[in-house]
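Trainee: Fold the following, please.
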Amino acid sequence: MGFNAKGAAGNRASFFAAAGLEWPDDMVMEYDLGRYTDYPFSVDISNNRLLAALDRTGQVRRAVVAIGREDVRGKTIPGVYVYKKLAFCQGHIGMQINCMNRQCPSPALSFIDDLIPVFDASIGNLHSQTIVFVPQEGASRPLCLIQLCQLANRGTTPLDVNVSILSSTRGKDGTVALPLKFNLLSESDSPITSGTSKTMLRLDPGESRSVASVFDFSEQEDGLQIFNTIHGCRTALKATLKARKGSLGKVQIPEDPWYGDLITRSAELARQSLLLQADGKAAGSFWGSNANPLPDVWTRDFGYCAMGLVDSNPDLANPMIEFLAQYGIPDQAWEREARMHPEASGFEHSLGNSCLAVVLASMLVHRHGRTAFAVNQKIFAQYVRRLAANLIAERPEQGQLYETLYISDGPSRGDYHTGSNILAWKAATVMAEDFSDLLDADQTRQLKQIAEELHQSLGQKCVRSIDGKPMYVEGTNRDGSIIGVHDGEESDLTLASVYGFTSRDDELIRNHARWAHSTRDPYYAPITGGIDFWDFDDSNGITYPGHIHGLCRANTREELKDALLELRRTTDLDGSFWWWPFEHAEQEPTKVKRGLGKCGWCAGEFVSFFLHDIMGVERDQEARSIRIAPYTPWRHFSWKGLAFCGGQVDFEQVDDTLHFTNRTDETLHAYLQISMQPDTMLEDVTLNGQSRRYQASVIHLHDGSAVGVEEEVEPGQSVALTIRTR
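Mentor: Next comes the predicted model:
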């Protein structure tokens with residue numbers, strides 16, 4: 001990830017390589033002209049209290065803090081249930097380096113562990129490396145930002161270096177002005193030079209020296225008191241790196257490292273899209289991580305961002321699940337669809353949004369254990385009981401499905417929307433299985449029946465044959481007609497296997513994805529290869545959830561590689577997805593734009609899909625069981641440090657050997673699976689060199705077969721599954 005000093009991409013496959021990196025001072029804001037704007041490049045940093053957008057030089061151009069929230073259900077557009085109250089500023093905030101009357105040119109961008117941005121630049125023999133981060137240690141999330149710079153004289157003569165602070169900010173009507181104070185710190189013979197806006201350093205040949213700028217956005221100037229030495233800033237960097245690494249671990253793909261980096265960057269985009277209040281409660285989210293002053297919290301965007309946190313940061317996922325439980329079901333339906341269906345209840349306003357909190361809660365419990373689920377139990381119990389009561393009260397007749405008005409802000413397609421009913425199936429299932437202690441026995445019994453009937457009804461009503469191919473369709477109507485488009489912003493068919501509704505190579509899902517990415521879908525754009533949002537103006541365009549749905553098309557490793565390459569071609573230099581990468585009528589497939597805002601929705605969705613469908617990882621902490629069944633385009637990859645059972649697990653595949661290491665204190669029931677190459681013959685199966693030929697299972701997967709073995713793996717033990725083919 002990143003780019004060199006000339007703006008060339010670290011990975012040439014990105015079409016963002018040389019386009020639109022600058023941040024113009026007169027940039028039109030989303031608040032004034034949202035969907036028409038092609039935004040400049042930004043790198044975003046956050047501790048989920050303070051979010052800041054950096055330009056290509058590492059200067060802060062926007063900063064935002066949540067100071068409250070407001071329930072607006074029934075009062076605004078249908079996909080928004082909450083407004084966040086914000087304090088905001090924009091302008092130029094940062095440290096400037098001057099040597100020989102020259103400032104540092106555009107620096108190169110890289111990342112520490114794909115997490116924290118690093119800006120490298122040179123003026124003659126002076127080299128500067130600036131690390132920019134918002135500090136965090138455990139639950140402490142101060143409202144400050146640190147630029148930690150290492151200056152080095154690589155020449156043979158002394159250099160005089162001037163370091164100064166640039167601080168020029170303005171607010172935005174409708175938001176509280178974000179306060180700003182700063183300190184400039186330097187290493188010298190005396191311990192500290194602080195409280196000033198400039199200093200001069202003399203560097204001898206070969207000498208290195210550190211300087212730091214600390215910007216405090218709090219009323220109390222807490223950060224200036226805490227981070228008042230270079231040593232303190234370095235200590236904060238170490239603590240922040242530890243906090244950022246979270247529970248996801250590290251993916252490495254030697255033949256193509258970019259995709260391993262993308263997982264971490266996607267998890268960061270999902271995380272940074274979410275904001276906390278001072279009390280640790282969720283304030284809401286943005287479309288993505290590029291800081292802006294908009295109050296809207298899009299409920300579906302928020303939910304998919306939180307889905308990414310279930311794997312990467314479960315502690316942070318908890319307040320997000322609580323937020324969805326508190327606000328996920330309105331008292332009544334509203335806006336345009338409700339006016340046509342005045343009988344619709346708040347539950348029917350968006351069936352999917354109503355179910356999100358309990359679905360995410362179940363994911364968290366299974367992957368990290370019941371003790372990791374730490375929400376306000378009163379709020380969550382009230383929500384579960386209300387959702388159960390609604391599902392039971394509105395229970396469709398056998399063979400029928402639930403009706404709903406909206407997916408998010410867009411209307412659900414058809415009287416019976418497929419993806420929304422999949423979420424309802426999942427919600428009914430997990431309430432009966434995982435949260436039955438919050439319900440009475442009769443409710444649990446009815447929810448089990450509802451889940452069984454929904455699964456059967458979805459197969460009957462929402463599977464049709466189009467062009468000779470059976471597939472799930474977007475939705476159906478009471479008269480039996482089917483919906484003839486794929487809504488690019490429908491993601492629950494994409495996630496059907498993640499929810500456990502289908503297998504990850506389900507032909508009905510794959511056929512739908514292939515149809516959706518063909519000219520048979522009237523929303524498909526063949527020139528740019530995406531699915532259009534289609535909202536009646538030319539500035540809307542290809543919407544990124546359609547790109548993620550494209551991953552479901554793959555039935556071979558080569559097809560999966562091609563689908564991933566489509567993401568790569570539209571991923572920005574910092575690893576970000578943008579909501580609308582192409583205009584509606586775009587005729588040039590390399591003309592990628594930064595449309596609307598960064599897409600936290602797709603970042604969270606991609607993390608979950610990649611882990612489950614591509615790497616084939618399923619965890620159940622309560623059962624102490626884990627499944628590792630990768631199907632990837634790569635023959636060599638590793639995943640180290642994936643959190644499980646209070647510890648971590650590692651796995652690595654090298655050709656036809658899959659290694660697994662249990663670094664927990666628990667004995668784990670592991671299922672390991674290797675996908676055979678197509679048209680090969682299985683010769684032998686061994687585990688740690690011992691034959692498992694007769695104990696192994698052989699299943700069909702995508703375009704071939706896969707061989708699996710179960711084993712009890714003791715704490716600290718490593719096992720290796722090997723298959724031999726010809």
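
Trainee: C-alpha coordinates for the strand or helix carrying F651, CSV please?
Mentor: Element membership of F651 [criterion: DSSP states H and E] is strand 647-654. The C-alpha coordinates for strand 647-654 follow below in CSV (Å, rounded to 0.1, in the frame of the first residue of the first chain):
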residue,chain,number,x,y,z
GLY,A,647,-5.2,-17.1,22.7
GLN,A,648,-4.4,-17.3,19.1
VAL,A,649,-4.2,-19.8,16.2
ASP,A,650,-1.9,-19.8,13.2
PHE,A,651,-2.4,-21.6,9.9
GLU,A,652,-0.3,-21.7,6.7
GLN,A,653,-0.7,-23.5,3.4
VAL,A,654,2.3,-24.4,1.2
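
Trainee: Name the residues that touch it?
Mentor: Applying CB atoms under 8 Å, 6 or more residues apart in numbering, the contact partners of strand 647-654 are 249, 626, 628, 630, 632, 635-642, 658-666, 668, 674. C-betas here are computed from N, CA, C, even on glycine.

Trainee: so where's this structure uncertain?
Mentor: 12-13, 15-20, 27-37, 188-196, 534-539 (pLDDT under 70).

Trainee: do that again at 50, thanks
Mentor: Filtered on pLDDT under 50, the chain yields the residue ranges 189-194.

Trainee: Show which residue of it lies farthest from the average position.
Mentor: T157 (48.1 Å; CA atoms, centre = their mean).

Trainee: That one reaches P205, doesn't it?
Mentor: Yes. Proximity of T157 to P205 meets the contact threshold set by CB atoms under 8 Å, at 6.4 Å.

Trainee: ok so, going back, ok, now how distant is the residue farthest from the centre of the chain from G206?
Mentor: Distance, T157 to G206, using CB to CB, to the nearest Å: 11 Å.

Trainee: so how far is the strand holding F651 off the chain centroid?
Mentor: On the basis of CA atoms, centre = their mean, to the nearest Å, strand 647-654 sits 22 Å off its chain's mean C-alpha point.

Trainee: List the buried residues for that strand?
Mentor: Buried positions in strand 647-654, judged by neighbour count with 16 or more other CB atoms under 10 Å: 647-653.

Trainee: Would you give the sheet partners of that strand, along with the direction of each?
Mentor: As defined by DSSP bridges, the strand partners of strand 647-654 come to strand 636-644 (antiparallel), strand 657-663 (antiparallel).

Trainee: where do the helices sit along the stretch 451-600 of the chain?
Mentor: Per DSSP state H, counting those that start in this stretch, the stretch 451-600 of the chain carries helices over the ranges 507-516, 544-549, 557-569, 600-609.

Trainee: what's the most buried one of these?
Mentor: Across the helices of the stretch 451-600 of the chain, averaging neighbours per residue (mean count of other CB atoms under 10 Å) puts helix 600-609 on top, at a mean of 29.

Trainee: name the helices or strands packed onto the next helix-or-strand element following that helix?
Mentor: Note on helix 600-609: by DSSP H and E, the next helix or strand toward the C-terminus is strand 617-620. For strand 617-620, the packing partners by 3 or more CB pairs under 8 Å, 6 or more residues apart in numbering; DSSP states H and E come out as helix 351-368, strand 625-628, strand 636-644.

Trainee: who does the second one pair up with?
Mentor: It refers to strand 625-628. Paired strands of strand 625-628, with direction, are strand 617-620 (antiparallel), strand 668-675 (parallel) (DSSP bridges).

Trainee: Save those strands as TSV, and put in mean neighbour count and distance to Y406 too.
Mentor: Shown next, in TSV, are these (neighbours: other CB atoms under 10 Å; distance: least, CB to CB, whole Å):
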stretch	mean neighbour count	distance to Y406
strand 617-620	20	31
strand 668-675	22	39
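
Trainee: Please tell me how far E588 sits from I527.
Mentor: Between E588 and I527 the distance is 8 Å, computed by CB to CB.

Trainee: got it, and D261?
Mentor: Going from D261 to I527 by CB to CB gives 29 Å.

Trainee: More neighbours: the two, which one.
Mentor: D261 (22 against 12; other CB atoms under 10 Å).

Trainee: where do the strands sit along the stretch 101-250 of the chain?
Mentor: Secondary structure of the stretch 101-250 of the chain (DSSP state E, counting those that start in this stretch): strands at 102-103, 108-112, 116-123, 126-133, 144-153, 159-170, 176-177, 181-186, 198-203, 208-216, 250-252.

Trainee: Out of the ones you listed, which is closest to T571?
Mentor: strand 108-112 (14.1 Å; CB to CB).

Trainee: buried residues in that closest one?
Mentor: In strand 108-112, counting by 16+ other CB under 10 Å, buried: 108-111.

Trainee: need the helices of the stretch 451-600 of the chain in TSV with distance to S697, can you?
Mentor: Formatted as TSV, the helices of the stretch 451-600 of the chain follow (distance: least, CB to CB, whole Å):
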stretch	distance to S697
helix 507-516	21
helix 544-549	30
helix 557-569	21
helix 600-609	25
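
Trainee: show me what contacts D261?
Mentor: Contact analysis of D261 by CB under 8 Å, 6+ apart lists 1, 111, 114, 575.

Trainee: Can you tell me how far the closest residue to the third one other than its chain neighbours is from A643?
Mentor: Looking back up the chat, that one is D114. For D114, ignoring the flanking residues on the chain, the nearest one in space by CB to CB, 6 or more residues apart in numbering is T264 at 3.8 Å. In this view, T264 and A643 are 14 Å apart by CB to CB.

Trainee: now, among the buried residues of strand 647-654, which is nearest to R445?
Mentor: Of all the buried residues of strand 647-654, V649 has the smallest distance to R445: 36.5 Å, by CB to CB.

Trainee: What distance do you get for the closest one to E666?
Mentor: In terms of CB to CB, V649 sits 10 Å off from E666.

Trainee: cool, F644 as well?
Mentor: Taking CB to CB, one finds F644 at 9 Å from E666.

Trainee: shouldn't N183 be in contact with S213?
Mentor: Yes. Assessed by CB under 8 Å, N183 is found in contact with S213 at 7.3 Å.

Trainee: Which one's more surrounded, the two?
Mentor: S213 (27 against 23).

Trainee: and the more buried one, what does it touch?
Mentor: S213 makes contacts with 94-95, 146-147, 149, 165, 182-185, as judged by CB under 8 Å, 6+ apart.

Trainee: change it to 10 Å
Mentor: Shown in contact with S213 (CB atoms under 10 Å, 6 or more residues apart in numbering): 60, 93-96, 130, 132, 145-149, 163-167, 182-185, 197, 233.

Trainee: so who does R464 touch?
Mentor: R464 touches 470-473, 476, 480-483, 508, 512, counting by CB under 10 Å, 6+ apart.

Trainee: what would the strands paired with strand 625-628 look like in CSV with distance to W580?
Mentor: Output for these, formatted as CSV (distance: least, CB to CB, whole Å):
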stretch, distance to W580
strand 617-620, 31
strand 668-675, 35
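
Trainee: coming back round to it: indicate which one of the helices and strands packed on strand 617-620 is closest to I699.
Mentor: Of all the helices and strands packed on strand 617-620, it is strand 625-628 that lies closest to I699, at 12.3 Å by CB to CB.

Trainee: Extract the C-alpha set from the strand or helix carrying E683 and format it as PDB.
Mentor: Element membership of E683, judged by DSSP H and E, is strand 682-687. Provided in PDB are the C-alpha atoms of strand 682-687 (Å, rounded to 0.1, in the frame of the first residue of the first chain):
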ATOM      1  CA  LEU A 682      -5.900 -38.400  -4.800                       C
ATOM      2  CA  GLU A 683      -3.000 -40.700  -3.900                       C
ATOM      3  CA  ASP A 684      -2.600 -40.300  -0.100                       C
ATOM      4  CA  VAL A 685      -3.600 -38.200   3.000                       C
ATOM      5  CA  THR A 686      -1.400 -37.800   6.000                       C
ATOM      6  CA  LEU A 687      -1.500 -35.900   9.300                       C
END
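
Trainee: List the buried residues in it.
Mentor: With burial defined by 16+ other CB under 10 Å, the residues of strand 682-687 counted as buried are 685-687.
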